[in-house]
Each structure stands twice: as C-alpha cells, then as structure tokens.
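Q: Take a look and give me a structure for this.
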Amino acid sequence: MTAGGAAYARPKMAACRQITSMETGKNTEDHLKAHKMKKKILRKQVRAQHTLMRHEGIECISHATQSLVIANAGLGNGMSRHQLHRIVDNYGVVETLLMPPNKPYSFVQYESTEEAKKAFDALNGKEVTLEDFDQNIVLYCNFVGKVFWKNSVPTSLPPDLKVIEDIISPEEERKMLESIDWRGDENTQTAQKTLKHRRVKHFGYEFRYDNNDVDKDNPLPGGLPEICIPFLEKCLKQGYIKHKPDQLTVNQYEPGQGIPPHIDTHSAFEDEIISLSLGSEIVMDFKHPDGHTVAVMLPRRSLLVMTGESRYLWTHGITPRKYDVIQASELGQKVGTITADVRDLTLKRRETRTSFTFRKVRRSSCNCIYPSVCDSQKGQQRQAEPSFPHNEMEASELEQQYVHKVYEEIATHFSSTRHSPWPRVVEFLRSLPEGSIVADVGCGNGKYLGINRDLYMVGCDRSKNLVDICGEKDCQAFVCDALSVPIRSGSCDACISIAVIHHFSTAERRLAAIRELARLLKPGGTALIYVWAMEQEYKNQKSKYLKEKHGSKDKEEESSTGTSQRLLDDQKHDRSSQGSACSDRLLDDSEDKGCAAKPVADSRLPVHTNRTSFHSQDMLVPWHLKGGIKKKGAVVDEASLAGCKESQELSPVFHRYYHVFREGELEAACRSLDCVRILKNYYDQGNWCVVLEKL
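A: All right, here's what the predicted structure looks like:
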C-alpha cells in the first residue's frame, strides 16, 4: 500500500470504529432499556399478585395453567367485556371470562394450557387503548389455579320501591326536556344552581342544601311547570302517588357526575317521592343501614317510586363515574337490580341524564316508624345513658343491649370492614402443627378460619348474623356464648380469642371467659388472646388507631358525640367479634403496676371520641353505619340522621361497650388461674396480647 493509500485508509478505519462504537453503545442502551422494562413488568406482576391475594384470597402460581388473571383489564379500569373478549380470543378458545364488579382485574380460562401460555407471552406488559375512554393501559398477567366463583343470587328491589318502565312516550320526553331552559346561571323563579356534581333547578319550593329543608312559607313564583301537570294527573290516576306534588327538583347529570348517598329529609317531604329519568338510563345505588346494597337500573323514560322503607330508611345515590356496570345479557337496559354475576357483567357508557323529582312538602312533623333516622323524632327515642353494672344481672343486660344487639344490627357493614388478618395472629396459626384442632372463640366474620388449611378450625360467635357470614364463606361456625362454649373439655390443640374479652363488663366475667378458653385446651395446648389496650401510645410510638385520626377523606368515618370518627378496619380492636356475651365496666382486673381503677358509684358510661387517647377504661364506642359526617365537629346522637345534603351522609350511630386493658391487667387475670401459664406477652398496635399454655 502506498503512503497516500495508508493515509486515506486511516480515517476510513477510524470512521468504521466510530460507527461500530456507536452501534455497540446503542445496543447496550437498548439492552438496558429492555432490562429495565422487564424489571418493571415483574414488579407490576408481583404487585398484582398481592392485590389479588388481598382482595380475593387467590394465590398466583409460577407454572403455566389454563387460567390467567389479567391486571388492569377489569371493569374497575374501564375495560368492557366486549373489548376484553376480543383481546383474549386471539390466542385460543376462551372457556370462561370472569369480570368481578369494580375490580381492576379479570380472569380468563382457556381450553388448554398451551393457549393460556400463548396469551401470557403476548399480553404480559402489552399496552392497549381502552375503547370509549381514549386512554392507554398496560396489561400484566399471572397464572392462577382454577378460579371458583359462587353463582350470584339475584337481589330484589328494596321494600316499597317500584320502577315503572316507559311511563311517558319519546315525544313527551322530548317536550319535557325542551321545557327546561338551562341558559343563565342563577334564576330566582326556579332557584337554578350549578352544583359541583350537577346542575339543578327547583320549582314550587327551593330545597336548601345548607339546612336540608325547604322554606315552607316562601314558595317560588310560578309553581310547577304546566307541562308536568298531565303527567302528575296520570300518576295519581294510576295509583303511583296519593298526594299531588307541589315541589319539583330537576337535576341534570353529565357523564362522570352523580349525587352522594342520602335520605330525603323526613320533616321536609311526605312519604311518596317519585323521580322521572329522561335522556338516558342510570344505575342508582340503594343502601340499607346494615350495609346491604342494591344497584338498581333506572331505564330511560322510567319512573322511580319510593315510599315506606325505601323512602325513609334506605339511602339512594348515584356514583360519579362515566360508565355503569350492568348485565351484559341485558344491554337493552331492562329495569331491575344489577346482579354481581362475574360471568355476565360489562360496562355501559353514560350519557347526559335529566331527572324530574317530585315531592309533596310536609306540613306537620314526621311520625314514621324509623325514629333512628328521623329528624322529626330526633332525641325522642334516645335511651338513658347506661351505667356501670353492679351485679351479674346488670352486666348481662348491658352486654345484651350494647354488644349483642348492636352487632346483630351492624353485622353486614361490620364484616365488610374486617378482611385483613392481623399478621401476628396469622403467625400463631401457621406455627401450629398440621392437623391441630383449633377453636376461634368470637370468630366474627371468620376471617381467621381459613388462614391455615392444614388445621381443623371451628369458629363460634354470639352474633347469628356474623355466623351466617362465616357460612357464606364455607367456614365451620356456630352461635354460642363465649362463657359457655359447647365443645368437649380438653379437645382443642389451640384456641384464639381476638378482640373479644374486652366486651365483658365485669372482672369476673372477663376471667370466666379466659377460664373457658383454658377448659377447651388439651394439656400442652396453647391459646392466643388479644384485648384492646388503654395505652394507645406505647414506648413513644402511637398506635395505628391514633395515627389514622387524620386519615384520608375517602376512609369511612364514624361519628360520636362531638366529633367525626370511625372504628377502622382490622386495626380497630373493636373487631369486637364479641363471640362472647360481651361488654365491660370500670373495674380493675390488675394487681400489677398500681393500675387499679375503682368503679364509680352510679356513674354513667362515657362515650369515647374515636381516634383519641382513652380517658376511661370502660366506655361506649360508636359505630356509624354508613360512614359519617364529613364536617368537623358535627354531632350525631344515637337517634339522629340528617336529610339530603351535598357534603355529608348521616345515619344511625350504635354504641358498643368496651373495657380497655391497662398494661399488666390481662397477664394478672391469666396468672390467677392455676391451670395455665403465660408463654409470651406483648403489645401489638394498640392491643395487649398473651399466649397461654394449658398445664
């Protein structure tokens, strides 16, 4: 090669090396990106696994099966059944597609494992666009065993509620909608308002959202619109109403808007309330004070008639969202309840809906048969505050009134907040030998009965309604009093009593409950006991109960006399499964650390302010059935309920009896029994706990 040729070759070789270096750098960068994406997908998969275990108790498995769970492909994400079916159909024959209501995941079962594996490889980490929402989501897949889902039993409409389809013609609907002029902001004659979640006009009388009432002495000029008169005469003639309404509220809802759950103020309006749905169908949610909910489809041009129990006792509301979960087989929007059949649910996009709600203004106080939620009867039914019991009979009566009856009333709602097992209780159960016979005395809704499948567990509780919930979960449980458990002496390898004994109202009854646990155990058998602690701040650490005093607004709160609050999920030792006949009183169980608290003669039991430190060992703790006042400092007493208000929802408050234990008190009670010894005692998030061994 000549010198000139060598000189020419050098920059060429340098350029080649630079290109090679750039390509290598790009390959490295691409490799890093792919590695990061793979790690991200794995992290999301693990999070989806934890969500599934927490929500459904279903464990994902590492090897391929016929069944997949697909995270971010649920009704709760905005994925319709039609779209998901199209996606999963590409990879094989789909035998089953389950879409639980309001959940962020769905289950798909293929005809073969190979098809499921093919879908897994294609869909895990795949980005798709949700139809109707113009939003991209990423799917994450995991394999699961065969998914069993109970067939949903169709629910019936709330008592005294009717829905009449096609009450008016399309032409009548058009004219009624055109009669409402939404132009302009505020109008004195119709009291037009633009609220946060909807537009509203009032005719006849204005409903005041600031005091949940109407000014009965100041009717609006003009009365009801003329176009409504023939419709109301038709309703009277056909017997849907007995009184001609004199007040009309027109609400206009755009997709994504709604109205909070409420009961129309008893004192403001008569029994009958009717509401006409125009422009579009909607799903309205009804809820009983015990927590039972019913989703009701209101078709376009249908009439909702609420009287009696459905008007006075059940709340009704519209969840603000852009789509409704409905029956896929009834996309033609039939009237009726929405059954939670995971094999037949899909999404229906909402459209603009206008409701005409007619009422008759009440001229006298309400004397309905629901005093606990009636503002006219507020305070009239209030029971005298209970006193500390002074004998066995008084203790039993206190527990019957302020524990047993209360949990029968709130069982459904209570159970819905008790789903996360406490870790150290789970640890105890998983430490027991395979085949151990275990009694959960005061099992509540049975959340511990299925923790360790290698054990033979049976539960018992004083509440029949809670035991029924155990049965719905296929758990073995029966009704009994924790002071007299119908199980043969010395037949159990272990017992647990979680948040139960603090419901007994005397030291003698609390000791008897511990003695009954010991009676059930074989020699060498162990028992785990949890009771609520007086010390909610221990070793300079606040319990979760105190920490969540200022929790997020979306947490359901409870209201006690003088404050807003809630007895929270499973950290709330109110878990009061009460399996025993329960309740407590200011009476010392402890011989340690000078923590004797003497009973006060003829003193009343104080009502505790939730999320605050305890100032008495014996008290009433409130349970507000449907999630509490949002306003700070508002008061609800035992027999009160507010009416319809934008920012709040009030409902009955039940008071439960508790005796909170001081440090050393539980151990002292256990040591007084010569048939057991304490293996361990500890403090766990606001609870005093012991592990006993039968001698």
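Q: Please name every helix or strand in contact with the helix or strand hosting residue 621.
A: Assigned by DSSP states H and E, residue 621 falls within strand 618-624. The contact analysis (3 or more CB pairs under 8 Å, 6 or more residues apart in numbering; DSSP states H and E) places strand 618-624 against helix 405-416, strand 558-560, strand 653-659. (Glycine included, C-beta is placed from N, CA and C.)
Q: That one versus strand 653-659: what angle between them?
A: Using axes from the mean of the first three to the mean of the last three CA atoms, to 10 degrees, the direction of strand 618-624 lies 150 degrees away from that of strand 653-659.
Q: Using TSV, lay out the helices and strands packed on strand 618-624 together with distance to residue 289.
A: As requested, those are exported to TSV (distance: least, CB to CB, whole Å):
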stretch	distance to residue 289
helix 405-416	8
strand 558-560	13
strand 653-659	9
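Q: which stretch in the ones you listed has the least confidence?
A: Between these, the one with the least mean pLDDT is strand 558-560; it has a mean of 30.
Q: and the gap between the most centrally placed residue in the chain and residue 287?
A: When CA atoms, centre = their mean is applied to the chain, the residue found nearest the centroid is residue 416 (5.2 Å). Separation of residue 416 from residue 287 (CB to CB, to the nearest Å): 11 Å.
Q: all strands of the stretch 151-300 of the chain, in order?
A: Taking DSSP state E, counting those that start in this stretch as the criterion, the stretch 151-300 of the chain contains strands spanning 161-164, 193-194, 199-203, 207-208, 213-214, 247-253, 259-262, 269-278, 282-287, 293-298.
Q: Compare those strands and give me the one nearest residue 485.
A: Nearest to residue 485 among the strands of the stretch 151-300 of the chain is strand 293-298; the distance by CB to CB comes to 33.8 Å.
Q: Give the other helices and strands that that closest one contacts.
A: strand 161-164, strand 282-287, strand 336-337.
Q: average model confidence for the last one?
A: Averaging the model's pLDDT scores along strand 336-337 yields 58.
Q: right, and the helix or strand after that strand?
A: In N-to-C order, the element after strand 336-337 by DSSP H and E is strand 345-349.
Q: Buried residues, that following strand. List them.
A: Across strand 345-349, burial judged by 16 or more other CB atoms under 10 Å covers 345-348.
Q: next one: stretch 657-665
A: The neighbour-count check on stretch 657-665 (16+ other CB under 10 Å) flags 657-665 as buried.
Q: a markdown table please, covering the strands of the stretch 151-300 of the chain and showing mean pLDDT.
A: A markdown table is the format used below for these (pLDDT from 0 to 100):
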| stretch | mean pLDDT |
| --- | --- |
| strand 161-164 | 93 |
| strand 193-194 | 62 |
| strand 199-203 | 92 |
| strand 207-208 | 87 |
| strand 213-214 | 86 |
| strand 247-253 | 94 |
| strand 259-262 | 91 |
| strand 269-278 | 95 |
| strand 282-287 | 92 |
| strand 293-298 | 89 |
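Q: Nearest to residue 405, out of the ones you listed?
A: For residue 405, the closest of the strands of the stretch 151-300 of the chain is strand 282-287, at 20.9 Å, according to CB to CB.
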